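Trainee: My questions are about this predicted structure, shown below with the sequence.
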Amino acid sequence: MPRDYSRKSRINVQLQRELGELIRDELTDPRVKRVTVTRVDVSPDLRNARVFISVLGDDAAMEPAAKALNHAAGKLRYGLGVRLSLRHVPQLHFVADAQLVEASRLNHMIRDALKQDQNNARDRGSDEPDAS
């Protein structure tokens, strides 16, 4: 029976927390100043980790930030080795997290559709949008 909170899940959470601190405290590259680590996915053998990032306020800056972090992956991996007691510190592969951009786009589309529904209902003379 699998555990509710497996070792892989615990390592994902720990890596996310530690990488966030390392990026904030250790890196001076201006491209990574507003980077947030949104999630980490470690491979089943714990040798590789995909680190999903987002940049606060600027979606266009995600790719350059991911490139800068991939360039600094060795330094970050060394910092993780000092902070964590793992037999093998995973190789880090930084990826721009498209889920947040897609979720924002969908929310915007839903808001626009609701606004259009309300305008159509007002034009028909009713206060409520048609539920059919």
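Mentor: Arrived safely, thanks for sending.
Trainee: just for the chain, where's the confidence low?
Mentor: Low-confidence segments of the chain (pLDDT under 70): 1-4, 126-132.
Trainee: for it, which residue is closest to the average position?
Mentor: In the chain, the centroid-proximal residue (C-alpha atoms, centre = their mean) is Thr38; its distance is 2.7 Å.
Trainee: SS state for that one?
Mentor: Under DSSP: H, G, I helix; E, B strand; the rest coil, the three-state class of Thr38 is strand.
Trainee: Kindly state the domain boundaries assigned to this structure.
Mentor: 7-96, 100-132 (automatic domain parsing).
Trainee: Can you tell me which of the ones you listed is most buried?
Mentor: domain 7-96 (a mean of 16; mean count of other C-beta atoms under 10 Å). Every C-beta, even on glycine, is put in place using the N, C-alpha and C of the backbone.
Trainee: now the end-to-end length of it.
Mentor: 25 Å (C-alpha to C-alpha, to the nearest Å).
Trainee: got it, and stretch 84-97?
Mentor: Taking C-alpha to C-alpha, stretch 84-97 runs 25 Å from one end to the other.
Trainee: contact partners of that stretch?
Mentor: Residues outside stretch 84-97 that contact it (C-beta atoms under 8 Å, 6 or more residues apart in numbering): 11, 14-15, 18-19, 38-39, 42-43, 46-54, 62-63, 65-66, 69-70, 73, 76-77, 80-81.
Trainee: Mind checking which of these are in helices?
Mentor: 11, 14-15, 18-19, 62-63, 65-66, 69-70, 73, 76-77, 80-81 (DSSP state H).
Trainee: So which of those is the closest to Met109?
Mentor: Of all those, Met109 sits closest to Met62, with 20.6 Å by C-beta to C-beta.
Trainee: Now do the contacts for that closest one.
Mentor: Met62 neighbours (C-beta under 8 Å, 6+ apart): Ile53, Ser54, Val55, Ala96, Asp97, Val101.
Trainee: Great, nothing more from me.
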